[in-house]
Structures are given as structure tokens and as C-alpha cells.
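In: Attaching a predicted model along with its sequence, questions to come.
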Amino acid sequence: MEELREFNELIAKVTRSGTANVIWSGKQMGDSQLETLITAMELSPVPIEVLNISNNEITSAGAAMLYSFLKKTPGVKEIHIGGNMIDDAGAKKFISLFAQSNHPSAFDINDNKCSPTIVKNLALLAKGDQFTEKIREALLAGQAEILDVSGLDFNKLDPRLFTFFIKDTGSLKSLILSGCSTGDAGAAAIGDLLKGSTVNHVDLSDNDISDSGVSQFIDYANLLHCSAITSVSFSKNIRISNYGMQRISNMLFNVNDTITTFDVSDTSVTSSVRELIAHECELNKEPSCLKRAVVSIRTDDPSCNIVNLQWEGLSKKAARFIAPTLKHNTMMIELNLGNTSAGDRGVELLTTALQQNRTLRILGLANNGITSNGAKTLFTGLLQQGFLEELNLANNRIDDEAATTILNTLQLNPTIKVLNMINNFLSRDCMDQIEGLVFLNQAPKAIRTIVNDIENRPSSVTEIVLSGNTEEFFCNDASVRLLCHVLVMNQVVTSLDLSRNTVGDIGATYISEMLMTNSTIKEINLERNSITDRGAQRLCQAFRTNSSVQRLNLSDNALTDAGVTGFVDMLRYNYSLTSISLEKTGVSQATYTKITGAADLNKEAKVLKDVVYMLKSGDVKNPRLDLSRKNCTSMLDDRSVATLCSQLCGVPYVSELVLSGNNIGCEGCKSIGTLLSHDGSGIRHIDLSGNPIDDKGLYEISKGLLSANCVLESLNLSNTEVTSDGITELTEVLKENATLKEVWAPESVSSDSFCLMNQELMVNAQPQSLKPLLRSVKANEVIPSLIFRDPNCPFTDAACHLLCASIVNNEHITSLDMSRNKLTGDSAPYIAEALSRCPNIKEVDLSFNQFDEAGGQHLINCLSVNDNIKVLSVEGNSITSATVQKINELLHLNRGSIELKRILLNHRAGRITGPSINLNSKGKAYKLMDEDVRILCEVLMGSTSVRAIDLGMNMITDEGCQMLADVLYQSSCIQALYLDYNPIGAAGGEILYDVLKVNHHVHTLLLEGTNVPEEIWEEILSLLHVNKTPAHERIDMRNVRLEDVNDDTQFKSTSYTLSQEQKVGEDAFKRYEMSVRSLVRE
């Protein structure tokens, strides 16, 4: 309410008395209140000069009303409407206010929804009186392609003017600040604004800028990499020096390729430097490929070895730009300016540069309109140059006028080895002379020197090396002809190297003819020449008769199968040629392999070569190939074995290979391994004894053993260098291989390694199903029930031994089925040992094998110490029933009471049983049965040390009581017997009562928790009470008279009772005896 009152007061003041300054800021005024205020201001008797309605809630709708008011009231000088909600549409309406000559001098519309560009535009329009008419027009338009502030003080200009046109509008193309007193700092500021802009032209002339200002401008504007600015003017800045521009221009123009105008006129820069800058600007007008080439050559770029501008469509200026850069370049080797219209003037410039260049080797100037004058200039310059090797002047206008100069240069400068002058106007005679001189340069002094030495000092030359890489020349057919002429009868030279030259079929023919006679040369190298099939065929014919050449290299020639196919047949009769190289030719790999294989055979003993050809033709009759040392003229080595194995691949009818006593090493073993893994190989037996084979060699053979194609069964490694480590590695391989059954190892191999290997070999000798079974077992795979049975062949003791050695590593096996095999008693110890180490195995089936009585005894011994076996089937074996009964007895105890088992076994072993036996089953899962009592009674019958027996808490019945009674009838040692909580009934109680009548030693008998009737229990207790009476020496009281005996003796003394009983018995017997005698007498 207070604000409303104040607003009303303001309205009243404006309308009644009037005020020049209307201020209503930060009052949350909206459009409706603004409308009221505008109405009031229209009625104000005093013209409004300042209007501050900032920080309110005025929108673009309110701005439109305000615009209408201001348009009708041009006298308002300051307008503050910042901090409202006016958008671009509302703000743009105010721009047209400034088209009038009388407009606000201050306009603040900051912090609205409108863009900063419009805010900046309105603020600058308000200060339009400071700018030129063109600048004001540009501000009203909101854009300009040219901004010219020439003559205005840069430091007094509103910085927003440059930001607006350069950064905000994005349409400015030309910026002119001539005579604005920018200084170095202003140049740097302008450069910073221009960075990333679209401005093409910048005029900073007459601004008191120094070298530092130019450098800062370049840095801040990123002029090195700027692609927009094409023209820059620093003219009339007297402080810009020669030194500074030299440094700056080198830095700038080595990178920038867009600046085509860089004006430094009327400065301290000399004309020579200005010309250099102008030269660089002109270069930027040329295609970019030329610019890049010039910079690379000028900066001695290490990667710039070859410059080819022939097909870039360059003008005749190319030579003018390239030539100056050649003088000091040390990297470029080849320059091709063909088809660049260089003309005689361009050749003149290049010739001057070549006088200082020492690295250029190849120069191409084809199709450049060069006349004889230009040719004479060039060749005169090359007369003493001594570095250029190849020159292409084809397709020019050179005639015989330049012939003398060209020929003179070729005679005096042997460096030029290639000169292309075709399609000029030279005569045939001149061309022949040029060709002859070039040919002479290609095969110069070296050829002549060699020929001279061979002819005059034949013993001094044993090798001829004319490879194109060894000296700066190429040997062609003509040179070969010269050489072959002197080699026909030579008997000293053994090697001829003509590789990397231009020898063709004609040269090959010269060599062939020479070889028909020469018998000394052993090696010929014709690699990387121009020999075709015809030349190769001529050489092949020569080798049918030549028996001295051992190595021939025809690599990198234009050969195909048609040219070299005859080599295969030729090598069957040639015994000297051991190496033929055909790399990088058109010869197929199949043909090359045949030729190489045929040549390799000449390296081997004749017998091996014969064997190989027999294998090729299929003439081998004997499956056993004996290539031991005694059958060969020289030792077979790795290469020999490789050759042999390559022929044996896929040959199934050769099964045994004897290679003993040779020089076979690791590589030979590698070939053997490859042979073993080849599909269709039939090798089953290999004898490698007496060879220098070490562990690495054995490893290579082992690779073949791992192949599914391997059928090898025996391997002889005796007297080799294989160690225990090698045998150990072989053992690991044998875990995967299933064919190798026999290995002869060196004597130095340790017994442990040998035994482990033999164990794996034994596995391979068994039925095939054993190996995967053992692998699974050793890998501790989950196999609760292991079935040891092969469907095709029953297992024997050896297989059983291997299995037993393996199952100790598996903790998951609980059942072992070994039935229906051919296991004998010899397997019993292995089985026993395995079971003792495998506590998880509970069931074993040995039925239907060949165990005898001795084997059965082994099984008893096993069960005696093994408490884990619950089931052991021995049905169908030759074991007696008594042994079977003992086995079943021990199995019963394993399933029941282990304590009872210990007692029984100790008893049978003769170990004295302790005074007490505790078999009370309280808290135990198993309860003793009558069968257990029977076993216990066996112990008790033979024991004299047992005094007390606790059998409480079991399942003993009346039958068990009978067994115990039988023991008590005979034992006088047992004093205590605990049978509490057993299912004993009245019959059992009667049996115990009867035995106590005659057994006076048992004083403790516990029957609590049984079914014995109470009356029987009381009778038993009375007898136990008697037995508990301490024993003393008895007195014979049979003749004592009754009147002499007191009551205590008569009723309490056992001696008296027994005496009377004995007396009564004797008297009764006497009467019985007398009656019998009287009957007899009658």
C-alpha cells in the first residue's frame, strides 16, 4: 500500500507541477503502471529529460508503449530501463529512435531478456555523435562490411564499437584504423579482437606501431594459422624496422598461406625486404602444393626428399619460386618440374641454384618449352657440378644447336648416368652419341678396370662384384658381353655378382655361352635385373653341361613358370647346383618349391637324393628306410632331414626311419615333428640314436606327437644329448599323445624322469579308453562313480597300477568299479595303497577278475588298515570262502564299530588286550548287534587280561547273551559285564543267571534298561552278591560236630557251608554206590 501511495504521489507530481527527472526504479512496476506513468508524462507541464524506470517488471509490451512516447517526445536525453523483462523484439523498436537527429544521449537497457548485441547497439547509437555518419548508419543497420575509423583516436573510442562489429555482427570484412594512434598496445588489442573473426582486410597504417606491435598483432590474431585475413597494411609506421620484418616474415610466411598483401611501405623497411615480402605474398597466390614445396625446401625439411610438381598445373612462376630455395637445401634428392612452363628463364634460375646445391640427384624438366639456349645454359652449368645423376629433358624444343655443349658435358662429367632427350629436335646421330656417352657413364671405369686386371693380372681377380648398390653405376648387357668375353677361358674367378643392374636376356645369353666353357665359377648373382623367361631358358640349357656353378640367384627378375620349369628336370642330372633363388619373380610358389627342393638335394648324400626321387616316383618297396651313417657317404644334417621329411609327408607305406649316427639337431627334429603331424604320414618307428639332439630338439619332435595325425609308436634317443629335463617335458607331452609306446632314453637320464616317462608310455600301451580316464581322474574332475572298464579289451594289472597311481589325486571318487577285467593278485597291493590314500572311496567292485587266494589275503590286509571301505565285491574270483568270510567280516566292522575292529585285529595280531573293553554306544550312530558280539567273543575266548566289558546302549538280544554266556562258562578273568539298555528279554536273563551259578568271578552285571524280568534280575543280584564276597583260604569243616559250631560260623561262614555241602554229597554218593553194588550182587 505504501508503494501505491508513492506511485500516486509521483503521478500527481508529474501531471500537476511537472519534473524533468522521472525516477521510479526497483518498484516492481509492470506494464499497466508504466502506461499510467507514460500518460502522466505526456501531461507533464515540464519536458521530461531523464527517465529511470530500471529494475522493474516491464515487458516488451511496455517497451512498445515507451517507444511510442519517446518517438513523440524527442527531448528525453537519458533513458534507463535496465533490469526489466524486455526481449529482442521489444528492444529492437528503440533502434529507430536514433535515426532522428534529436535522440537520447544515453540509453541503458542492460540486464533484460534481450541479447547483449542489441544492448551494445543501443548504447553505441546513443553515443552516435562521436562517430562518423557511415558508422552511425552501420549501427542503425546493425551490421557493416567495412568499418573505417580513420583519424579517430583509438584510445578515446568506445571499445564496444569494435567488439560489436568484429565479434557480434560477424559481417565485417574490412577494418580500417589508419591514423588512429593505436600504438603497439592498440595493435595487440585489435589482433586479439580479430582472432577467429571473418575480417579479410586490416589497415593499421600511420599508427606509430613498432616491430613489437607487429609481432604482438600477429600473435594475438593467430595470424600464422588464420585463414580469413588476406590483406594487412602497416604502412607509414616509421618504427617498423628491416630486422624485425625479416624475422617476422620468415616466421609468418613459412606457415600462413592466405595473406596475399602485406604492406610495409613508408616504413624503415628497405626495398629488398619489401620485395621478399611481396615475393611471399605472390607465392600465397599460387596453388598450395607449390607453397608447401617451397617451404619444405626452404626449411630443409628432412621428410622432403622428393618433390613432384609435374601434374599440378602450375604456371611458369614455379621455377622462379623453387630456384632460390635450392641453393641451401641439403635434404631433397629428386625434383620434378615437368609441365610447368619453366622455359629458358626458369632453366637459367635453376642452373644458378644447382651451382650451390650438393644433394639433388634427379631433376625433371620435361615438357617445359626449353630451347637450345636453355639447354646450353643448363649443361654449361652442369659441366663441373658433379652431383646430378639423372636429368629428364623430354618433350622440349632442343635441337642440334645444343649438341656440342651436351656431348662435352657428358664426356667431362661422368656423374650423369641417365639423360632422357626423347621427343626433342635432335638428330639421330646426336642421339646415338648421347646414348653412347650415357652408356659409358653407366658402366664406366669399374668395368674397364676389371677387364684390364683379368687380362693382364688374372691371378689378382677371384671375385667380380658389380652390384648396383656397391658403386654408382649400372651394368647392362653390353658390360656383360665385355665381361663374359674375358671369362670364357678364365680359371681364377669363382664368383660373379651382377645383381641390381640392367642385365637382360641378351646378357643372360652371353653368360650361358660363357658357362658352356668356363668350369671355375661357382656362384652367379643376377638378382634384380631385367631377365625374362627366354634368358632363364638359355641359362637352364647351360647348366645341363656345366658342373661347377653351385649357387644361382635370379630373384627380382621378370620370370614366370614358363621360363624356369625346365630347371626341375635339369637338376635331376646336375649334381653341383645347390641353390637357385627366384624371390620376387612371377614364378608360382609351387614351381619355386619344386626347384628349391631339387636344388637342395644336391647338398645331400647321393643315397638321400636317390631315396627322394624314388619317393617321388613311388618306387619304394621297403617300408624301412635305413639312412644311418654307415649307409651314407656324408652325415645327414638338419637340412637333409628337412628334405627327406618334405618328401615323406603323406607317404603311408614308409613306416620305419633309421637316422642313427648322423648330425641331426634341433632344426632336423623340427622337420621330423612336422612330418609326424602331417595327415597321411605312416612313420611308426624312428631311430635317432647317436645324433647331437638336445632337449630343444626333443621339444620340436614333441610338437608332432601332439598332433592327431601322429602314429609314432617307438623312438630311439639313446646316445643323444637329451637330459632329464627333456625327458620330463616329453612326459608332459605323453599325457596328450596316445600312440608312443616305447622310448629309448640316454643313460644319463635320471631314474625318476625315466620312470615317469615309462609310466606315461605304459598308459599308451593300454586300451585307448584308459588315457582320457586317467586325465580326468588326475584333473580332479567330479567323478563320484569311477568305472574302470574298456568295451573292447579288458584291463590288466598294468592298467590297474596306472589307475591306482592316479586316483590318489582325485578327492571326488566315492565308488570304484573294476569288475570284469583281467586283474590278478598282483594288482592287490596297488589297490590297497590307493584305497589307503583315498578316504572318500567307500565302495569297490572287483568281481569277475582273476584274483587268487594270495590276492584275497592282500585285500584282507587292506581292509585291516582301511576303515573307509564299506562295500567290496569279490564275486567270480578264485578266492576261498574262508577268505571271503574274513573280507565280509572286516567290511561288516567298517560299516559298524571301528573300535571293535581294532580290538579284533589287535587280538589276532597277538597284541594283549587291555583290562577293559568299552563298546558302549551312547551317542553313537551304530549299535552293536549279535553278530558283533560273536566277533567280540572270539577275542574274549582267547584273552586272559580282560576284566570288564561295557556293552551298554547297543542292540544285543538274547542270542548275544548266549554267546557271552558261553565265554563266561570258560573264562575266569571277566569280573564286570555291562549290558544295560539292550533289548535282552527273559531268555537272556535266564542264560545269564545259569552261567552265574557256575561262574564265581563276575561280580558286576548291569542289566538296567533291559527286558529281563524283575524276579530273574533279583536272582542274578543274589548270585552277584555272593561273587562279590572277598575270597579267603577255605577251612575243611566236614568232621566238625554241630554242637561245636557257633551260630555265626554256621550261618555266615562259606567254608562251613561248602564243607557241609561236600559232606552231604559224599554221603549221598556213598549210599548210591552201596545200593548199586547190592544190585550188582543180586
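Out: Good, I have the coordinates.

In: Could you look up the SS state of Ile229?
Out: Using DSSP: H, G, I helix; E, B strand; the rest coil as the criterion, the local structure at Ile229 reads coil.

In: Please give me every residue in contact with it.
Out: When contacts are counted by CB atoms under 8 Å, 6 or more residues apart in numbering, Ile229 is found next to 194, 199-202, 221, 223, 258-259. Where you see a C-beta, it was placed from the backbone N, CA and C, and this is true even at glycine.

In: In TSV, list those along with neighbour count and pLDDT.
Out: Listed next are the contacts of Ile229 as TSV, based on neighbours: other CB atoms under 10 Å; pLDDT from 0 to 100:
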residue	neighbour count	pLDDT
Leu194	25	90
Val199	24	92
Asn200	15	93
His201	17	95
Val202	24	95
Ala221	25	91
Leu223	25	90
Thr258	16	91
Ile259	18	92
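
In: Need these in JSON lines (columns: secondary structure).
Out: Rendered in JSON lines, the data for these read as follows (three-state DSSP):
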{"residue": "Leu194", "secondary structure": "helix"}
{"residue": "Val199", "secondary structure": "coil"}
{"residue": "Asn200", "secondary structure": "coil"}
{"residue": "His201", "secondary structure": "strand"}
{"residue": "Val202", "secondary structure": "strand"}
{"residue": "Ala221", "secondary structure": "coil"}
{"residue": "Leu223", "secondary structure": "coil"}
{"residue": "Thr258", "secondary structure": "coil"}
{"residue": "Ile259", "secondary structure": "coil"}
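
In: for the residues you listed, which one is nearest Asn110?
Out: The shortest approach to Asn110 among the contacts of Ile229 belongs to Leu194, at 26.2 Å (CB to CB).

In: which regions of this structure sit below the pLDDT cut-off?
Out: 1, 315, 436, 439-440, 443-444, 448, 452, 469-473, 1030-1082 (pLDDT under 70).

In: Does Met431 lie in a helix or a strand, and which?
Out: Using DSSP states H and E, the element containing Met431 is helix 428-442.

In: hmm, who's touching the next helix or strand after that helix?
Out: Following the chain from helix 428-442 toward its C-terminal end, the next helix or strand by DSSP H and E is helix 445-456. Residues outside helix 445-456 that contact it (CB under 8 Å, 6+ apart) are 414, 460-461, 464, 466, 471, 473, 475, 479, 482-483, 486-487, 490, 493.

In: same deal with stretch 984-994?
Out: When contacts are taken as CB under 8 Å, 6+ apart, the neighbours of stretch 984-994 outside the stretch itself are 956-958, 960-962, 964-965, 979, 1005, 1007, 1010-1013, 1016-1017, 1019-1020, 1023.

In: Report the buried residues of that stretch.
Out: For stretch 984-994, the neighbour count (16 or more other CB atoms under 10 Å) marks 984, 987-993 as buried.

In: and the residues you listed as JSON lines, adding secondary structure?
Out: JSON lines is the format used below for the buried residues of stretch 984-994 (three-state DSSP):
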{"residue": "Ile984", "secondary structure": "coil"}
{"residue": "Ala987", "secondary structure": "helix"}
{"residue": "Gly988", "secondary structure": "helix"}
{"residue": "Gly989", "secondary structure": "helix"}
{"residue": "Glu990", "secondary structure": "helix"}
{"residue": "Ile991", "secondary structure": "helix"}
{"residue": "Leu992", "secondary structure": "helix"}
{"residue": "Tyr993", "secondary structure": "helix"}
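
In: Ile727: which of the residues you listed is nearest?
Out: In terms of CB to CB, no member of the buried residues of stretch 984-994 lies closer to Ile727 than Ile984, at 68.3 Å.

In: and the closest residue to that closest one other than its chain neighbours, how many neighbours?
Out: Leaving aside its sequence neighbours, Ile984 sits nearest to Thr1010 (CB to CB, 6 or more residues apart in numbering; 4.2 Å). In terms of burial, Thr1010 registers 22 neighbours under the definition other CB atoms under 10 Å.

In: State the distance from Thr1010 to Leu936.
Out: When distance is defined by CB to CB, to the nearest Å, Thr1010 is 18 Å away from Leu936.

In: swap in Thr532?
Out: Computed with CB to CB, the distance linking Thr532 and Leu936 is 107 Å.

In: Done for today, thanks.
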